[in-house]
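Student: Okay, predicted coordinates and the sequence, questions at the end:
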Amino acid sequence: MASSLTTFSDEARIALDTFSGRAAGLFSPSLRLGVTGLSRAGKTVFISALVHNLVHGGRLPLFEAQKSGRIARAYLEEQPDDAVPRFQYEDHIAALVDERVWPDSTRAISELRLTIEFESASAWNRMFSAGKLSVDIVDYPGEWLLDLPLLGKSFADFSREATEMAASPIRADLSAQWRTLAAAAAPDGEADEMTARRLAESFAAYLKACKLDDRALSTLPPGRFLMPGDLEGSPALTFSPLIGASDGKARPGSLGAMMERRYEAYKTHVIKPFFREHVARLDRQIVLIDALQALNAGAEAMADMERAVTEILACFRPGRGSFLTDLFSRRIDRILVAATKADHLHHESHDRLQAIVRRLADRAIARANFTGAEVDVVAMAAVRATREGTVRQGRETLPVIIGTPIAGERIGDETFDGNTETAIFPGDLPAKPGDAFKPRPDVEKSDLRFVRFRPPKLEKTAEGVTLSLPHIRLDRALQFLIGDRLA
Ligand code: GDP
């Protein structure tokens, strides 16, 4: 009897908890914020810095709710999706703040819930809203997002486009091995696992090479070839485009039929569920791009980045009748395209970087035939690893940035030890944004100079309290992404 009583009250309590959980969900609104960008664009650093600055009341003058003192507190809560790994915020902050090393980058999807208690600026809102907003931050590889256009392409389309792209001047040398293998693999030949594997591995190696620093290319589907997540080594990834593949006509038992089946399986079992469960539920999105890396690599890398941003925008706001419309349960209403790592430039160049990104986004919007969501751009550094100064050289005064280059980084014949501060003249960005997209045959390599710096040493107040992570325009990004929901 006693035991059944316990059971009863336990169950009642669980029921009550569930009810109050639901009620809380009803009354405190949530906003799902997607954070994406190709690998090493700066997603992990961005999320860590954003949360750190909100939780620790950082300097955010352009984030209105914080500036006017209306944020009572911000804290982490348990995320609502049990099946998604949690974003390892504490580990990342320990790396950044205690060890002054950059945290481990995004390899798959993860999520974090940040709850903000605030006082509304308007008396009307104060009466009706709980003054609480939960921001569910969803971090996922941009490579996976760029898979979305494949849903609208047959295996023959995919093969044709991939083959054309692989032969383009900027890619031809990197894809040489795959093109040789593919030329020898007739779609009508016998299906053979080893051939499939060799082709898939060679195609993946070529995509990886495109991503490296000196090429810095952005459009590289299938995305799981670069960022496999938990699919590493699985048969779903053992396919490759084929030269001369034709739609649905492949002879059963042929290599063409095998590749087509796997390509379709990739769409059905990998791409679609990912979009339905994650991307389609987002309210807002930030797309991080490493524009400096692309600028450094030249006009082709910029054009490629523009193509990637165009595809990304088209994914988020599919037009009527598009194969994507059915997959979306919510509508993304704000998208921020953010160039990260602006702390590699002197502030005189920040506006130039922003103008270049604006130009890129405008052209992408025009090409994606995109309407209905607000798009803004920003040049920012989620974590500012440098300060500014000037250096006299003869009669000239040069604007420089000062930071601690990571051990092993080099400029000219100087190699850094990871402890010494150094002043660097980073070079100038083009004053006319259009110039960033033009080939410069006279310039062998861009004249920008970049080294990677260690994260900054955090300052302490007179009372010995560590200040939050310094940044550039992170507050502007926050204002655009969530500011209106705290009004
Ligand atoms: P992810 O792959 O998108 O998660 O990229 P990360 O956030 O891990 O960033 C990749 C690398 O870019 C880091 O290890 C840093 O070296 C660099 N980085 C990212 N954000 C910043 C920034 O705001 N300032 C500076 N100086 N470097 C950054």
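Tutor: Now that the structure is in, tell me what you want to look at. Every value quoted in this text rests on a predicted model; they were computed, and no experiment measured them.
Student: Show me how far stretch 249-265 is from its chain's centre.
Tutor: A distance of 33 Å separates the centroid of the chain from that of stretch 249-265, by CA atoms, centre = their mean, to the nearest Å.
Student: where do the helices sit along the stretch 301-450 of the chain?
Tutor: Secondary structure of the stretch 301-450 of the chain, counting by DSSP state H, counting those that start in this stretch: helices at 350-368.
Student: pLDDT score for A162?
Tutor: pLDDT for A162: 95.
Student: Backbone dihedrals for the residue lying closest to it once chain neighbours are set aside, both of them.
Tutor: Leaving out its chain neighbours, the residue that sits closest to A162 by CB to CB, 6 or more residues apart in numbering is P241, at 3.9 Å. Every C-beta, even on glycine, is put in place using the N, C-alpha and C of the backbone. Note on P241: backbone dihedrals following degrees, to the nearest 10 are phi -60, psi 160.
Student: List the residues that contact P241.
Tutor: Applying CB atoms under 8 Å, 6 or more residues apart in numbering to P241 gives the contacts F155, F158, S159, A162, T163, A182, F203, M259.
Student: Need the per-residue pLDDT for D351.
Tutor: So, for D351, pLDDT stands at 93.
Student: nearest to A191, of the contacts of P241?
Tutor: M259 (8.4 Å; CB to CB).
Student: In contact with that closest one, which residues are there?
Tutor: Here M259 is in contact with F155, P187, A196, F239, S240, P241, L242, A245 (CB under 8 Å, 6+ apart).
Student: ok, now which ones touch the closest residue to A355 other than its chain neighbours?
Tutor: Of all residues not flanking A355 in the chain, P433 sits nearest, at 4.4 Å (CB to CB, 6+ apart). By CB under 8 Å, 6+ apart, P433 lies in contact with R352, A355, I356, R358, R359.
Student: Out of the residues you listed, grab the one that's most surrounded.
Tutor: Using other CB atoms under 10 Å as the neighbour criterion, I356 leads the contacts of P433 with 27 neighbours.
Student: That residue and L295 touch, don't they?
Tutor: Yes - using CB atoms under 8 Å, I356 makes contact with L295 at a distance of 7.2 Å.
Student: Check the contact lists of those two and give me the overlap.
Tutor: Common neighbours of I356 and L295 (CB under 8 Å, 6+ apart) are L429, A436.
Student: What residues does A72 make contact with?
Tutor: Taking CB under 8 Å, 6+ apart, we find A72 in contact with E117, F118, E119, G131.
Student: Out of those, which end up buried?
Tutor: F118, G131 (16 or more other CB atoms under 10 Å).
Student: which one among the contacts of A72 gets closest to L288?
Tutor: Nearest member of the contacts of A72 to L288, counting by CB to CB, is F118, at 25.8 Å.
Student: Dump stretch 103-112 to CSV, keeping only the CA atoms.
Tutor: Taking Å, rounded to 0.1, in the frame of the first residue of the first chain, the C-alpha atoms of stretch 103-112 are listed here in CSV:
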residue,chain,number,x,y,z
PRO,A,103,38.4,25.8,-29.3
ASP,A,104,37.6,22.7,-31.3
SER,A,105,35.7,23.5,-34.4
THR,A,106,32.2,22.4,-35.4
ARG,A,107,32.1,18.8,-36.8
ALA,A,108,28.4,18.1,-36.7
ILE,A,109,25.2,19.6,-35.4
SER,A,110,24.8,20.8,-31.8
GLU,A,111,22.5,23.0,-29.8
LEU,A,112,22.4,25.3,-26.7
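Student: any low-confidence regions in this structure?
Tutor: 1-28, 126-130, 318-330, 441-448 (pLDDT under 70).
Student: So which residues on the stretch 101-250 of the chain come close to the ligand?
Tutor: With CB under 6 Å from any ligand atom as the criterion, the stretch 101-250 of the chain meets the ligand at residues W102, S105, T106.
Student: Export the residues you listed to CSV and append columns for neighbour count.
Tutor: Output for those, formatted as CSV (neighbours: other CB atoms under 10 Å):
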residue, neighbour count
W102, 21
S105, 14
T106, 26
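Student: Now, those residues that are in strands?
Tutor: When DSSP state E defines the strands, the subset of those inside them is empty.
Student: so which of those residues comes closest to D82?
Tutor: Using CB to CB, these come closest to D82 at T106, 20.1 Å.
Student: What about the spatially closest residue to the closest one that is not a sequence neighbour, how many residues nearby?
Tutor: The shortest distance from T106 to any non-neighbouring residue, by CB to CB, 6+ apart, is to K43 (4.8 Å). By other CB under 10 Å, the residues close to K43 number 27.
Student: what do you get for the one 4 residues further on?
Tutor: For I47, the neighbour count with other CB under 10 Å is 25.
Student: go on, H347?
Tutor: Using other CB under 10 Å: H347 sits among 12 other residues.
Student: Check the one 3 residues further on too.
Tutor: Burial measure for H350: 20 neighbouring residues, criterion other CB under 10 Å.
Student: how much space is there between it and the ligand?
Tutor: For H350, the distance to the ligand (CB to the nearest ligand atom, to the nearest Å) stands at 13 Å.
Student: tell me the contacts of that residue?
Tutor: So H350 contacts A342, A379, I472, R473 (CB under 8 Å, 6+ apart).
Student: okay, now the domains of the protein?
Tutor: Using automatic domain parsing, the domain parsing of the chain gives 2-140+278-383+472-486, 153-267.
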